[in-house]
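*Asks:* Whatever this is, show me its structure:
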Amino acid sequence: LWKMARKVTLLVLGTVLVIFGALFYLSRDTGKMYKNITVSGVDLSGKTKEEALKSVNGIKFENIKLKYENKEYTILADSVDYKINSEETVNSAYSVGRKNGFIKDRLSVLKLIVQGKKKEVPIMYTLDTKALKIELEKISSNIDIEEKNAKITLNGDQISFSNEENGRKLNIEKSMKLIENELKSSEHDPLELVVETVVPSITKEKLSKVDTLLGEFSTTFNSGVQGRSYNIKLSTDAINDVLLEPDQILSFNESTGMRSAKNGYKSAPVIVNGELEQGLGGGVCQVSSTLFNAVALSGLKVVERSNHSIPSSYVGIGRDAVVDFGTLDLKVQNNYKNPVYFSSGVEGNKIIIKVYGNSEDKPGEVKLFSTVNGSVARKTKTVKYGKPSNGRDGIKATTYRVIVDKNGNENKEVLSSSYYPAKARVIVLEPGA
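*Replies:* Purely as a prediction, here's the structure:
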C-alpha cells in the first residue's frame, strides 16, 4: 500500500509539474505582445512592437459625442487638437506582464491565457484642454438657465412674494474629466454631460419672514451726464434683490465689483484729493451714500464707512459714504433676528433704496442728524506761477442716530465721525510783482 501511495503521489506531482511547466512555457517572454491584449478593441496578441504600432496607427478616432436630456452635441477632434500617441500606447500595452516582477508577471500572463479575458489598454493621447473648455463653454450657452430668486412686490402697504425658480449649469470641470477618461478609447457612446441644479439664494420661505418696510432713502442726480448715470444704474442693480441673513455683512465693494471697464463701468467725474477728475466708476459713491442712509434709517449696524475729502451735494454733511475698491468700503451688518431684504433701483433721476425686514425687529422711529464740531482754517500759499484758488476750511462733523423703541424710549448713538480736510488758498503772483 505504501509503495502504491508513493507512486500515486509521484504521478500527481509529475502531472502538476508538467502542467505548470507548460503554463510557464506558454507565458514565457517572447518579445511580443501577450495574448488577449487589446487597444480600443484592436487585438495586439502575439504582435511585435513594430506590428502593434502599425495597428494602433490605424485606429481612427471618432469626434467627441455628448448629450444632455434629448439633445446631442459634437466636438470635432481637430478643434481640440486630439492626437493619439501611438508609441506610448504600444509601450503601455507591451509593459503588461513585464513590470511587476517575475512571479507576479507570470501569474498575470497566465490569467490572460487561462481566463481568456481581454485586457483593454487605454489609449495614450494629447489634448488641448483650453480648447476643450472653450468648446464646452459654447455648449453651456445652450444648457445653462439662470436661477431666479423669489422677489418682493410692494403694492401700497401690501407685501407679496413671487416663487423662486431653480436654474441649471453645465459643470465644465467635471464634464472635462469625464471626457478625458472616455477618450482613452476611440469609440464611445454619447457621453452624458454633468449638469447641476442651481438653487436660488433667496427662497420664498426665507422671504416670508419679511413683512414690513424698515427704512428707505433716496437721492437725485443729473441724468443728463451719461457716463455717471450709467454707473449709478449699474451699481444700483448690483445691490438690488439682496437678502441679508442675521449677523451677515454686506460689502458694497464685493457686491458692485472693481470699477473697471471689464466690469462695465464708464468714465465720469470722481473726487480725487478734493478735486473733480475723470475716472472709471464716477457716480458709484452716490449709490453707496444712498445705501448708507437707508441702512442707518433701518436701524442696521454700520460696520465700515468713510467720508469724502469734500462734502457731497446730494446728501447732508456727515452722511456721505465714499468707496474705493481695495481701500475704502461701506459694510453693513444685519443685527436683527430675521433676514433683511434690499430693494434698490433708479426711477428717472432718483436713486431709491429700501430695506425690508420683520415687523418684530422694526424700531418705533429712527432719526438721523449731524452736527459740525469745528473747523480748520485754510492756509494761504503764494506761488509765482499756477492757478489761483480760494481754497476751503476743513470741517469736523459727527453724525448721530436716535432710535426710538416701541415704548418711546430713546437710544442716541454716534453713527459716524467725518473730517473734510482744508484746502489751501493759492495766490499767484503777477508778473513783475
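*Asks:* hmm, who's touching stretch 71-80?
*Replies:* Counting contacts by CB atoms under 8 Å, 6 or more residues apart in numbering, the residues outside stretch 71-80 that touch it are 61-67, 127-128, 131-132, 135-136, 139, 142, 190, 193. No exception for glycine: its C-beta is placed from N, CA and C like everyone else's.
*Asks:* and it, how far apart are its ends?
*Replies:* Terminal residues of stretch 71-80 lie 21 Å apart, using CA to CA, to the nearest Å.
*Asks:* roughly how far out does that stretch sit from the chain middle?
*Replies:* Mean C-alpha position of stretch 71-80 versus that of the full chain (CA atoms, centre = their mean, to the nearest Å) differs by 27 Å.
*Asks:* Quick check, pLDDT for residue 252.
*Replies:* In the prediction, the pLDDT value recorded for residue 252 is 97.
*Asks:* Look up how far residue 303 lies from it.
*Replies:* Noted for residue 252: a distance of 11 Å to residue 303, by CB to CB, to the nearest Å.
*Asks:* who has more neighbours, the two?
*Replies:* residue 252 (25 against 14; other CB atoms under 10 Å).
*Asks:* Residue 397 contacts residue 370, correct?
*Replies:* Yes: if you go by CB atoms under 8 Å, residue 397 and residue 370 touch, sitting 5.3 Å apart.
*Asks:* Which stretches in the stretch 1-150 of the chain count as strands?
*Replies:* With DSSP state E, counting those that start in this stretch applied, the stretch 1-150 of the chain shows strands at 37-39, 42-43, 64-68, 71-75, 83-84, 119-120, 125-126, listed in chain order.
*Asks:* remind me which residues of the stretch 51-200 of the chain are low pLDDT?
*Replies:* Scanning the stretch 51-200 of the chain with the threshold set as pLDDT under 70 gives 100-102, 105-106, 110, 112, 114-116, 156-157, 186-187.
*Asks:* 90 instead?
*Replies:* For the stretch 51-200 of the chain, applying pLDDT under 90 flags the ranges 51-53, 56-64, 70, 77-78, 81-90, 92-127, 151-161, 180-191.
*Asks:* Do a quick rundown of the helices in it.
*Replies:* Counting by DSSP state H, counting those that start in this stretch, the stretch 51-200 of the chain has helices at residues 86-94, 102-115, 129-143, 172-182.
*Asks:* nearest to residue 422, of those?
*Replies:* Checking the helices of the stretch 51-200 of the chain against residue 422 by CB to CB gives helix 129-143 as the closest, at 53.9 Å.
*Asks:* Centre of the chain to the closest one, how far?
*Replies:* With CA atoms, centre = their mean, you get 17 Å for helix 129-143.
*Asks:* same thing with stretch 141-149?
*Replies:* Centre to centre, stretch against its chain (CA atoms, centre = their mean), the figure for stretch 141-149 is 15 Å.
*Asks:* just stretch 416-430 next, same as before
*Replies:* Relative to the chain's own centre, stretch 416-430 is displaced by 43 Å; criterion: CA atoms, centre = their mean.
*Asks:* Pretty sure residue 260 sits against residue 280.
*Replies:* Yes: under the criterion of CB under 8 Å, residue 260 lies in contact with residue 280, with a separation of 6.2 Å.
*Asks:* The two: which is more packed in?
*Replies:* Summary of the neighbour comparison: residue 260 and residue 280, criterion other CB under 10 Å, with residue 280 having more neighbours (20 against 11).
*Asks:* Could you give the bridge partners of the more buried one?
*Replies:* Each beta-bridge partner of residue 280 is listed here: residue 267, as defined by DSSP bridges.
*Asks:* coming back round to it: got JSON lines for the helices of the stretch 51-200 of the chain, with distance to residue 39 and mean neighbour count too?
*Replies:* Shown next, in JSON lines, are the helices of the stretch 51-200 of the chain (distance: least, CB to CB, whole Å; neighbours: other CB atoms under 10 Å):
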{"stretch": "helix 86-94", "distance to residue 39": "6", "mean neighbour count": "19"}
{"stretch": "helix 102-115", "distance to residue 39": "15", "mean neighbour count": "15"}
{"stretch": "helix 129-143", "distance to residue 39": "22", "mean neighbour count": "15"}
{"stretch": "helix 172-182", "distance to residue 39": "15", "mean neighbour count": "16"}
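*Asks:* on that earlier part again, reformat the strands of the stretch 1-150 of the chain as CSV; add mean neighbour count and distance to residue 293.
*Replies:* Supplementary listing: the strands of the stretch 1-150 of the chain in CSV, determined by neighbours: other CB atoms under 10 Å; distance: least, CB to CB, whole Å:
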stretch, mean neighbour count, distance to residue 293
strand 37-39, 22, 71
strand 42-43, 15, 74
strand 64-68, 18, 48
strand 71-75, 15, 50
strand 83-84, 17, 62
strand 119-120, 18, 69
strand 125-126, 14, 59
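*Asks:* any chance of those strands in JSON lines, plus distance to residue 153?
*Replies:* Shown next, in JSON lines, are the strands of the stretch 1-150 of the chain (distance: least, CB to CB, whole Å):
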{"stretch": "strand 37-39", "distance to residue 153": "63"}
{"stretch": "strand 42-43", "distance to residue 153": "65"}
{"stretch": "strand 64-68", "distance to residue 153": "34"}
{"stretch": "strand 71-75", "distance to residue 153": "35"}
{"stretch": "strand 83-84", "distance to residue 153": "57"}
{"stretch": "strand 119-120", "distance to residue 153": "60"}
{"stretch": "strand 125-126", "distance to residue 153": "55"}
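*Asks:* In three-state terms, label residue 310 for me.
*Replies:* Three-state call for residue 310 (DSSP: H, G, I helix; E, B strand; the rest coil): coil.
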